[in-house]
Every structure is written in structure tokens, then in C-alpha cells.
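Engineer: Build me a structure from this.
(4 chains)
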There are 2 protein chains.
Amino acid sequence: MPTILIVDDEQDIRELLAMKLQKEGFETLEAPDGLEGEKMASEHQPDLVVLDLMMPGKDGISVCKSMRKEARTSKIPILMLTARGGMDEKIAGLELGADDYMTKPFSPKELVLRVRNILRRTMAVEGGSVIEVGPFRLDKNNLKFYLNAEEIDLTSTEFKLLHMLIEIPGSTRERDELLEKVWGYSNQTQTRTLDTHIKRLRAKLGEYGACIETVRSVGYRYKESSN
Amino acid sequence: MPTILIVDDEQDIRELLAMKLQKEGFETLEAPDGLEGEKMASEHQPDLVVLDLMMPGKDGISVCKSMRKEARTSKIPILMLTARGGMDEKIAGLELGADDYMTKPFSPKELVLRVRNILRRTMAVEGGSVIEVGPFRLDKNNLKFYLNAEEIDLTSTEFKLLHMLIEIPGSTRERDELLEKVWGYSNQTQTRTLDTHIKRLRAKLGEYGACIETVRSVGYRYKESSN
DNA sequence: GATGGCAGTGACAAACTTGTCACAACGCTA
DNA sequence: TAGCGTTGTGACAAGTTTGTCACTGCCATC
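Structural biologist: Have a look, this model is predicted:
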């Protein structure tokens, strides 16, 4: 489950972000200022840093610069936050090595979306075209799926669905999101199709079917079995 | 069509390799010694270098070292060749940044296989999960295929087949290879299945169907249309 | 230009895939 | 624990996909 470090001087914002991200299955760390943020990034090696631009003391730009210079943090993706929508800052941030940029106010949904996009991007580059989580291995190149080294036939719908679910382990995918990405359905389409396919997937995964957790009223999530 | 630089002091070997690689649709360059090899690598920026380890003058190890140091050649993948199967050299080669290693004598088939594997690996990292060639775009993440920005539905078999064909444009894929990779058939299975699927693919590609060339008695190959 | 081998094609039936529905089961809240 | 909304499930039928086959057409070689 990816860990995300939140660096912001306003406690309210930190807590709000942390809550939203935790709801999605991410683990969170918090730092109240730039220096502390740098220290935690280096120590805990989070998978992503959400970094506020405007902070008293060491600001976001400086933190970004420092992180990019230090070997232990140079590759950690950074999502910049700022209150203003100025283009100059955006460009400065991106040039300094931030991976994305978001202006306040933002919706929690947008935050989660951007976080996931960055993680997907960086994980895809690192992991190549094979996703391995727990006993699952999903080979996008050959469209093959393995459970504990045993190949299991998936239909292309099942493949897409499982792909979405394990792409970022632990994060919850909303029904609407799955319906849109896998089926191309527009929001709020009323259908039992997703449920049925989840059932079929679980059946094919046998005892590991339990790894696909239902998140009531929200969607589904992949979670490694605790055995 | 990828270009491959062959660096070997023996003319016979160079020509043999060049012939086999050309037969697969690659373009080839040849250099008779290490220094010349370095120069050509820097100038022509080939997609891969086949590098002999044992050469009079500047040997393969040194060339490899130099190439990795120079910016223009540091990222070009290297396939090392050597007459002996010594583990020490293998390790030395791989540590120096060679991408793969092959001991003589080797079959032309093995050569082509390794070359293709390296290219696939490096191209996959560079290009991410979307393959774009000519008017085709194949999105492995979402299992979608576009022809000139228009989405075209492919069945999963068609997707796999097309993927194999355009993965390394211009290189010929043998019938046996396609049957094995796409269908899991063992070698020399006698079937018209492949032909039928090629027909269906061509039909879906419309006027671009011609991009899939028949290589009589061998297999098929993707080739960009000359318009 | 005959011959043999290889590839293209249309038709077809079997198998598979998929969305829907009705109903059962479940979980949360009052 | 009753009620309500959400999810799980088995069955089913329509649609899609797939491999095979017989036949046609093409190409290279003799």
C-alpha cells in the first residue's frame, strides 16, 4: 500500500488530505514545515510527496530543489499544492521536478485522481509491463495472468477489471470509475454488470478471490490476503 | 525499422550477423574494430550494438566502458559476444552495462531472439505502455487500439496478434513464433487459424491492412505503408 | 506454362463471453 | 430485530469470438 507524505503548514489541510487519502487506502505521513518534510521524505521514503508551495520557513520550491539534489529523495514524485493559480509558479514547480501541480481549492476527488495518476505513471516506468502484487502477476505485454505461477485465463473484460483493481494495491476504486474505465459507461449508469463480473473474477481467483474487497456504497479494492 | 551496429573484427561473422538481422527487417551497420565501432555508435545512434568481446586493438570491454561514459552513446543497449563461456567475463560485461551476453557459437535464431528481447525491453521502458507506429496506436494499459485516432474494437486474440506484429516494426515474426506466443501452440502445429486471424485483422484495419505483409514461407511482418 | 506448396477467403458450428434479471443474502441504522 | 439499501448469485439468452475446413488464388521453380 503506497505511503504518501503530506507537507503543509496548515493542520486543517493536512488532516483533510490525510483523511481523504486514507479513505482510498493509502498510508499517510504528515510534516508541518519544509525542513521536517525533507527529513521525513529522506527517512521514510514515501511513494509520493504532496507539497505545499507557500509555507513559512522553508517553502515548497526550496524543498523540491533540495529533494531533487539528495540521492535518497531525488526520485520520489512530488505533487505541488498552491493557493494561487499563477502560471509562473506552475512552470517553476514543474521545472524543478514536481510531477504535477494542483491549485487550491481542489476537490478531494481531484486530489485522489492526480495522486493515482502520478503513482501509476512512476510505477509503470519502474515496473515495466508486468504488475506483480501478492500471488498475482499480470503481464500486460502478453495479456496473461498468473496466480502463484499458474496461468489463469481471463476474458478481456476480466483482465481490464483486475488490472484496475491491482494497479495500485489497496486503493479503492469507485463503482462509477470502474464502470467508466472498463465499460465506458457514463456516470451513474444503473447496472449489475460490475457485480456479476466481480463475482466471476472472484470465482476464477479461487481462495484468493477474497483479495477483492467490497467497499460498501463505494466500490471495490484489492487487498493482499493476510495469510 | 531499428538499426543495429555490429562490431567484430572477423568479417565473416559480421556478414553473417548482418545477413540474418537484415532478413528480420533490421538495418545494419558494421565496424571492424573497437575504435571504429565507437565512432559509428556516436555518429549513427543505432538502436542496439552487437559487440564482440575479443578484438585486437580496443576490445569489447573497453568499448563498452567508453560508450557508457559518453552521453551520446550511454543509453544504447549492448549485446556482448564472446567465444568463451567464462562466467567472469559475463559478469564483467553485464556490470559494465552490457544488456545481454551471448557465447559463440550461437544459432542465428538465438541472436535474433536476444536482439528482439533487448529492443522490446528498452523500447517498453522508453515508450511506456502505449505503442505508436505509423497510424496505429496500441494502448496496453486500457487494451485499446486506435487507427488515426479512431478507436477500433479488437478481440483479445487480435490485440495480441497485432501487438506482436507492431511491437518491433519491420521485423518478421515467424508463423511458429506467433502461434506459440499468441495461441500457446507448440511448434509445428498445422493450422490455418493464424491465416484466418490475419485476414480478420487486415479487414479491421481497412486500407491499412496492407501494412501487414506476408513473408512467404516464414510468417508476417508489419511494415509502414509507403504513402 | 505446368506443378506443388503456400496463403487468402467465406461459411459454419461450437464455445465462450457478456449483460440482465429475479431473488437471496447481507450490513447498517434506527 | 425490522426495514432499507446494497451486494452476491444462478440462470439465461443474445451476441461475439474462434478454430476448422474446403475451396480458390497466388507464387516460385522446374
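
Engineer: Quick check: next helix or strand after the lowest-mean-pLDDT helix or strand in chain A?
Structural biologist: Within chain A, judged by mean pLDDT, DSSP states H and E, the helix or strand with the poorest mean is helix A:87-95; its value is a mean of 53. Proceeding N to C from helix A:87-95, the next assigned helix or strand is strand A:100-103, under DSSP states H and E.

Engineer: mind saving the C-alpha coords of that following strand as PDB?
Structural biologist: Output in PDB follows, covering the C-alpha atoms of strand A:100-103 (Å, rounded to 0.1, in the frame of the first residue of the first chain):
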ATOM      1  CA  ASP A 100       2.100  17.500 -11.000                       C
ATOM      2  CA  TYR A 101       0.600  20.700  -9.700                       C
ATOM      3  CA  MET A 102      -2.700  21.400  -8.100                       C
ATOM      4  CA  THR A 103      -4.300  24.800  -7.200                       C
END
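
Engineer: Can you tell me the closest non-neighbouring residue to the residue in chain A positioned nearest to DNA strand C?
Structural biologist: Of all residues in chain A, residue A:155 sits closest to DNA strand C, at 2.9 Å by CB to the nearest atom of the strand. Where you see a C-beta, it was placed from the backbone N, CA and C, and this is true even at glycine. The shortest distance from residue A:155 to any non-neighbouring residue, by CB to CB, 6 or more residues apart in numbering or on different chains, is to residue B:156 (7.4 Å).

Engineer: Which stretches in chain A count as helices?
Structural biologist: A:11-23, A:34-44, A:60-69, A:87-95, A:108-127, A:156-167, A:175-178, A:193-205 (DSSP state H).

Engineer: Can you spell out which helices and strands pack onto the first one?
Structural biologist: In this case it means helix A:11-23. Applying 3 or more CB pairs under 8 Å, 6 or more residues apart in numbering or on different chains; DSSP states H and E, one finds that helix A:11-23 contacts strand A:3-7, strand A:27-31, helix A:108-127.

Engineer: And for that helix, what's in contact with it?
Structural biologist: If you take CB atoms under 8 Å, 6 or more residues apart in numbering or on different chains as the criterion, helix A:11-23 is touched by A:4, A:6, A:8, A:28, A:30, A:32, A:50, A:52, A:108, A:111-112, A:115, A:172.

Engineer: Ok, the last one next?
Structural biologist: Helix A:193-205 is contacted from outside by A:147, A:152-154, A:157-158, A:161-162, A:175, A:178-179, A:183, A:209-212, A:220, using CB under 8 Å, 6+ apart.

Engineer: before we move on, the earlier item: could you say which of the helices and strands packed on helix A:11-23 is packed most deeply?
Structural biologist: Among the helices and strands packed on helix A:11-23, ranked by average contacts under mean count of other CB atoms under 10 Å in any protein chain shown, first place goes to strand A:3-7 (a mean of 23).

Engineer: partners of it, with directions?
Structural biologist: Neighbouring strands of strand A:3-7 in its sheet, by DSSP bridges, are strand A:27-31 (parallel), strand A:48-52 (parallel).

Engineer: Dump the ones you listed to TSV, plus mean pLDDT and distance to residue B:22.
Structural biologist: Listed next are the strands paired with strand A:3-7 as TSV, based on pLDDT from 0 to 100; distance: least, CB to CB, whole Å:
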stretch	mean pLDDT	distance to residue B:22
strand A:27-31	90	53
strand A:48-52	91	46
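
Engineer: and of these, who's closest to residue B:36?
Structural biologist: Smallest distance to residue B:36 across the strands paired with strand A:3-7 (CB to CB): 46.9 Å, for strand A:48-52.

Engineer: Now for the residue most central in space within chain A: which residues touch it?
Structural biologist: For chain A, the residue sitting closest to the mean C-alpha position, by CA atoms, centre = their mean, is residue A:116 at 3.2 Å. Contacts for residue A:116 (CB under 8 Å, 6+ apart) come out as A:168, A:171.

Engineer: roughly how far apart are it and chain B?
Structural biologist: Using CB to the nearest CB, to the nearest Å, residue A:116 is found at 13 Å from chain B.

Engineer: likewise residue A:210?
Structural biologist: Distance from residue A:210 to chain B, by CB to the nearest CB: 26 Å.

Engineer: roughly how far apart are that residue and residue A:110?
Structural biologist: 32 Å (CB to CB, to the nearest Å).

Engineer: can you check residue A:194 too?
Structural biologist: Taken as CB to CB, the span from residue A:194 to residue A:110 is 23 Å.

Engineer: next one: residue A:61
Structural biologist: 22 Å.

Engineer: what residue ranges in chain A score low on pLDDT?
Structural biologist: A:1, A:71, A:83-97, A:103-109, A:121-128, A:187, A:225-227 (pLDDT under 70).

Engineer: So which bits of it are right by DNA strand D?
Structural biologist: For chain A, the residues in contact with DNA strand D (CB under 7 Å from any atom of the strand) are A:175, A:192, A:195-196, A:198-199, A:202, A:214, A:216-219.

Engineer: Can you lay out the residues you listed as JSON lines showing neighbour count?
Structural biologist: Below are the residues of chain A next to DNA strand D laid out as JSON lines (neighbours: other CB atoms under 10 Å in any protein chain shown):
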{"residue": "A:175", "neighbour count": "20"}
{"residue": "A:192", "neighbour count": "8"}
{"residue": "A:195", "neighbour count": "12"}
{"residue": "A:196", "neighbour count": "10"}
{"residue": "A:198", "neighbour count": "21"}
{"residue": "A:199", "neighbour count": "13"}
{"residue": "A:202", "neighbour count": "15"}
{"residue": "A:214", "neighbour count": "11"}
{"residue": "A:216", "neighbour count": "6"}
{"residue": "A:217", "neighbour count": "7"}
{"residue": "A:218", "neighbour count": "15"}
{"residue": "A:219", "neighbour count": "20"}
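
Engineer: among those, which are within reach of DNA strand C?
Structural biologist: For DNA strand C, the contacts drawn from the residues of chain A next to DNA strand D by CB under 7 Å from any atom of the strand are A:192, A:196, A:216.

Engineer: which residues touch residue A:191?
Structural biologist: By CB under 8 Å, 6+ apart, the residues touching residue A:191 are A:179, A:185.

Engineer: Surely residue A:131 and residue A:164 touch.
Structural biologist: No: with contacts defined as CB atoms under 8 Å, residue A:131 does not count as touching residue A:164, sitting 10.9 Å away.

Engineer: do you know how far the residue nearest to residue A:28 when sequence neighbours are not counted is from chain B?
Structural biologist: Distance criterion CB to CB, 6+ apart; nearest residue to residue A:28, sequence neighbours excluded, is residue A:18 at 4.3 Å. According to CB to the nearest CB, residue A:18 stands 29 Å off from chain B.
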